[in-house]
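Enquirer: give me a 3D structure for the following:
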Amino acid sequence: MVDGRFSRTDAAALIDAVNKAGARRLFVDFDYQRRKGDTGLELVAAAVRRMGDRVILAVSTRSAPGKDHLVTYFPDPVFGDKARRASIAWEYEFWQVWRVPLMYETEGRLLPSFAAVLAGKSADKPGNFRIDLTYDPRSIVEYSADDVIEGKVGARELAGKDVIFGPTASVLDDRHYLPGHDLVPGAYIHLIAGETLRRGDPVDLGWIPGLLVALCAAFIGLWANASRSFWIIALATAASMFVAKFFLATMLVTLSIGTGLIFLAAIGTNVSRTSRRRSAQRENPVSGLPNFEALRSQESFGSATVVAAKVVNFEDLAAFIPGDGIGKLVEQVTRRLQLASQGTTLHHDLDGTFAWLVPYYQHSQIEGQLAGLAALFNAPLTIGELRVDVAIAFGVNDEFEGSNAQRLAAALVAAERAIRTRSLWTKYTSRQKEDAGWQLSFHSQLEDALTGGDIWVAFQPQYEIATHRLVGVEALARWTHPTRGPIPPDEFIVQAEKSQDIYRLTLFVMDQAIRSAAQLRERGIPINMSVNLSATLLDHSDLVGTIRVMLTAHHLPPEILTIEITETAQIENSRQARQTLAQLRRTGIRLSIDDYGTGQSNLEYLTEIEADEIKIDKRFVMTMRDSQRNLEVVKSTIDLAHRLGAVAVAEGIEDADTMALLAGLGCDVGQGYHLGKPQLFSELAATLSASPQNRTA
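Expert: Okay, the predicted model is just below:
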């Protein structure tokens, strides 16, 4: 021993002691290399040469410092040619040793492994085999090198046996993880691998059989068409594959089941996801009631009448009620509706819409049932400390033709119409069927109307209330259909937003408005031009650039244009929307909040838009003389606009008394039929050009 370490002199002495003890073979699991000034290597080499061909020297292959490839270290030539060379290389899988080479090719030479030499096996090409992991490393007999050198271990223990001379101390690097075991010395792995080969020739079936078994199990499970059945089959198959793997391992047959298990897990995950999706498709997660998909998929409705109920402004309620209050709202609405369903199943969709079937023998009672329900909803709902007024509208379809889906859709269309017409309920009619057909072909009809001139722009004047001086006009889209006649703006604008045609329509109105404002300016009438813009368009990155091009093309200063952000959709809290608003202001375009007091108009809305003006919705203005509450809303909105440095604009002025009341409240600008109706540009231009006096109301 030198400095407490096993020196090469000691190694030479040990080899001689093993040789003297009559060992069958000695496997030297050290890769001795010549170091400068080291005279001990010759002693080891001499001992090896004395043992002749009964010595097997290790050829190691490993990564070397400073190099990006494996390096093989052959024994020094001083060891002579009689001693055999064998590889001690192997590869790791998940930091463990599962397989070792039978034959290993390195630097153009095909070498047997220690295990192959131990078992007397060979092959004519490189290849690996799976170790039999059932061996217990604790059964391996280990002797101290010092005891062998000192003669305490000799012929009685070693004669006629294969001996491996290698490091086993825990402080040395030659320790490796063996699956199912702790760290073991490399020499142990060589011995276990050699014993594996002595038992027979290992067979590796690979991953294909396991995958085929998984495929068959998946096919049977999917054929069962039930998530629970699939998982029972899949788990039974996985357990069988594990049992087969360990059983075959005892016969030196390796079966890889990982691919098959991953396949089963992937298919099972998809089956579970599909099952959950089907369940979600047939049940409302808020109320737990079956949804419309469940209603559509049941047997034909036959002679039953379909009744649909829609909570009016459900989206507004959902946004207003805090926390889980919307769930409590739905729960209370459900309880009241179940009084009308009278034993039939109530179905609930996600957007505050309900439906149920009324048997034929109860048809005569439908109107009374709906009237009774309406009376129930006259009482407010109590949600926590809130008292919420909820309105509900009904649609009825008693036609016997069509599929379940068509009849349900017809009842929903009737309910929508009841909301628009402020009716308690409406019945689906052939006229509504025509309306549905028109909506389905809306895109193409809009294109035809824009190119054919059926859609045009009307202009309504705006006057300064204090001086009765004309200060601007608002551009309004109008549609005169060749067969349906005038279509209400609210109807086709909402449909345009649903069908994603609002951008095309807005650009048409914007171009006409800018062109008209430029023509008025050329005639010496530099009044402001207002154009409505749906908040949904603020996410268009090219919107501001397109408006700039229009302004430049018509030589109109941007400060002449006011863009009114309409309330048909809430401004998304998106980066693009905020950038669009900022770019419009930097361009010099004025911003206005339209219909303030309805829809999404609230204090949060004011923080999203740094408005130059606030327009008070006509519903408040038209009723302010008869309603003290609405008068207070108008008054507070005017004060709020002035505090924010914005202009207050009142819509819906239809008489002189309202005009005078607004003047007393300090409202800045007004518009309405009392001041001027929407008119063609030619009519407006002729009126304004006739005399300067016509520019006052």
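Enquirer: mind pulling up the pLDDT for Arg276?
Expert: Looking at Arg276, its pLDDT is 65.
Enquirer: just for the stretch 151-300 of the chain, where's the confidence low?
Expert: 224-228, 249-250, 252, 274-281 (pLDDT under 70).
Enquirer: for it, just list every one of the strands.
Expert: 162-165, 175-177, 183-185, 203-206, 253-255 (DSSP state E, counting those that start in this stretch).
Enquirer: could I get those as a markdown table with mean neighbour count and distance to Ala23?
Expert: Bear in mind the C-beta positions are built from the backbone N, C-alpha and C, glycine included. Shown next, in a markdown table, are these (neighbours: other C-beta atoms under 10 Å; distance: least, C-beta to C-beta, whole Å):
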| stretch | mean neighbour count | distance to Ala23 |
| --- | --- | --- |
| strand 162-165 | 19 | 5 |
| strand 175-177 | 16 | 24 |
| strand 183-185 | 17 | 19 |
| strand 203-206 | 14 | 32 |
| strand 253-255 | 19 | 32 |
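Enquirer: relative to Asp594, which of those is closest?
Expert: Smallest distance to Asp594 across the strands of the stretch 151-300 of the chain (C-beta to C-beta): 70.5 Å, for strand 203-206.
Enquirer: which strands and helices lie in contact with that closest one?
Expert: Identification of packing neighbours for strand 203-206 by 3 or more C-beta pairs under 8 Å, 6 or more residues apart in numbering; DSSP states H and E yields strand 253-255.
Enquirer: ok, the strand it packs on: who's next to it in the sheet?
Expert: Applying DSSP bridges to the sheet, strand 253-255 is found paired with strand 203-206 (parallel).
Enquirer: can I get the strand it pairs with as CSV, trimmed to CA atoms?
Expert: The C-alpha coordinates for strand 203-206 follow below in CSV (Å, rounded to 0.1, in the frame of the first residue of the first chain):
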residue,chain,number,x,y,z
VAL,A,203,-33.8,-13.1,-26.5
ASP,A,204,-35.1,-9.5,-27.0
LEU,A,205,-38.6,-9.3,-28.3
GLY,A,206,-38.5,-5.5,-28.5
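Enquirer: for that strand, the distance to its chain's centre please.
Expert: 41 Å (C-alpha atoms, centre = their mean, to the nearest Å).
Enquirer: contacts for it?
Expert: Phe129, Arg130, Leu248, Leu252, Val253, Thr254, Leu255, Ser256 (C-beta atoms under 8 Å, 6 or more residues apart in numbering).
Enquirer: ok, now with 7 Å
Expert: Contact with strand 203-206 is made by Arg130, Leu252, Val253, Thr254, Leu255, Ser256, as judged by C-beta atoms under 7 Å, 6 or more residues apart in numbering.
Enquirer: with distance to Leu337 as added columns, please give these in CSV.
Expert: Converted to CSV, the contacts of strand 203-206 look like this (distance: C-beta to C-beta, whole Å):
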residue, distance to Leu337
Arg130, 67
Leu252, 71
Val253, 66
Thr254, 64
Leu255, 60
Ser256, 58
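Enquirer: farthest pair in those?
Expert: Leu252 and Ser256 (14.7 Å).
Enquirer: now the helices for the stretch 51-200 of the chain?
Expert: Secondary structure of the stretch 51-200 of the chain (DSSP state H, counting those that start in this stretch): helices at 114-119, 145-149, 155-158, 186-199.
Enquirer: again, but for the stretch 551-697 of the chain
Expert: Secondary structure of the stretch 551-697 of the chain (DSSP H, counting those that start in this stretch): helices at 575-587, 603-608, 618-623, 628-643, 656-665, 681-690.
Enquirer: show the pLDDT at Gln579.
Expert: Value for Gln579, per-residue pLDDT: 87.
Enquirer: typed the wrong thing, it's Glu604
Expert: 67.
Enquirer: could you list the low-pLDDT ranges of the stretch 1-150 of the chain?
Expert: Ranges of the stretch 1-150 of the chain meeting pLDDT under 70: 1-5, 34-38, 64-68.
Enquirer: okay, now the unreliable bits of the stretch 451-600 of the chain?
Expert: Judged by pLDDT under 70, the stretches of the stretch 451-600 of the chain that qualify are 567-574, 599-600.
Enquirer: for Ser87, which of the strands of the stretch 151-300 of the chain is the nearest?
Expert: The nearest among the strands of the stretch 151-300 of the chain, by C-beta to C-beta, is strand 162-165 at 14.4 Å.
Enquirer: which elements pack onto the closest one?
Expert: strand 25-28, helix 186-199 (3 or more C-beta pairs under 7 Å, 6 or more residues apart in numbering; DSSP states H and E).
Enquirer: sheet-wise, list the partners of it with their directions.
Expert: Counting by DSSP bridges, strand 162-165 is paired with strand 25-28 (parallel).
Enquirer: which residues touch the strand it pairs with?
Expert: 15, 18, 51, 54-58, 114, 162-165.
Enquirer: out of the helices of the stretch 51-200 of the chain, which one sits most buried?
Expert: Comparing these by mean neighbour count (mean count of other C-beta atoms under 10 Å), helix 114-119 ranks first with a mean of 24.
Enquirer: against which helices or strands is that one packed?
Expert: strand 84-87, strand 99-106, helix 186-199.
Enquirer: now with 6 Å, please.
Expert: Secondary-structure packing of helix 114-119 (3 or more C-beta pairs under 6 Å, 6 or more residues apart in numbering; DSSP states H and E): helix 186-199.
Enquirer: distance check, the residue nearest to the spatial centre of the chain against Ile267.
Expert: Nearest residue to the geometric centre of the chain (C-alpha atoms, centre = their mean): Arg273, 14.3 Å. Arg273 is 11 Å from Ile267, where distance means C-beta to C-beta, to the nearest Å.
Enquirer: coming back round to it: JSON lines for the helices of the stretch 51-200 of the chain, including distance to Ala475?
Expert: Below are the helices of the stretch 51-200 of the chain laid out as JSON lines (distance: least, C-beta to C-beta, whole Å):
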{"stretch": "helix 114-119", "distance to Ala475": "89"}
{"stretch": "helix 145-149", "distance to Ala475": "101"}
{"stretch": "helix 155-158", "distance to Ala475": "107"}
{"stretch": "helix 186-199", "distance to Ala475": "86"}
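Enquirer: between these, which one is nearest to Thr687?
Expert: Taking the helices of the stretch 51-200 of the chain one by one with C-beta to C-beta, helix 186-199 is closest: 102.1 Å.
Enquirer: can you check what angle separates the closest one from strand 99-106?
Expert: Using axes from the mean of the first three to the mean of the last three C-alpha atoms, to 10 degrees, the inter-axis angle of helix 186-199 relative to strand 99-106 is 100 degrees.
Enquirer: which residues sit against helix 186-199?
Expert: Contacting residues not belonging to helix 186-199 are listed as 29, 97, 100, 114-115, 118-119, 121, 131-132, 135, 137, 140, 164, 166, 174, 176, 252 [C-beta atoms under 6 Å, 6 or more residues apart in numbering].
Enquirer: can you rerun that using 7 Å?
Expert: 29, 88, 97, 100, 114-116, 118-119, 121, 131-132, 135, 137, 140, 164, 166, 168, 174, 176, 178, 202, 252.
Enquirer: and it, how far out from the chain middle?
Expert: Worked out by C-alpha atoms, centre = their mean, helix 186-199 lies 51 Å from the chain centre.
Enquirer: again, but for stretch 582-600
Expert: With C-alpha atoms, centre = their mean, you get 32 Å for stretch 582-600.
Enquirer: equivalent analysis for stretch 149-167, please.
Expert: 67 Å.
Enquirer: and it, how far apart are its ends?
Expert: End-to-end distance of stretch 149-167 (C-alpha to C-alpha, to the nearest Å): 15 Å.
Enquirer: swap in stretch 122-132?
Expert: End-to-end distance (C-alpha to C-alpha), stretch 122-132: 18 Å.
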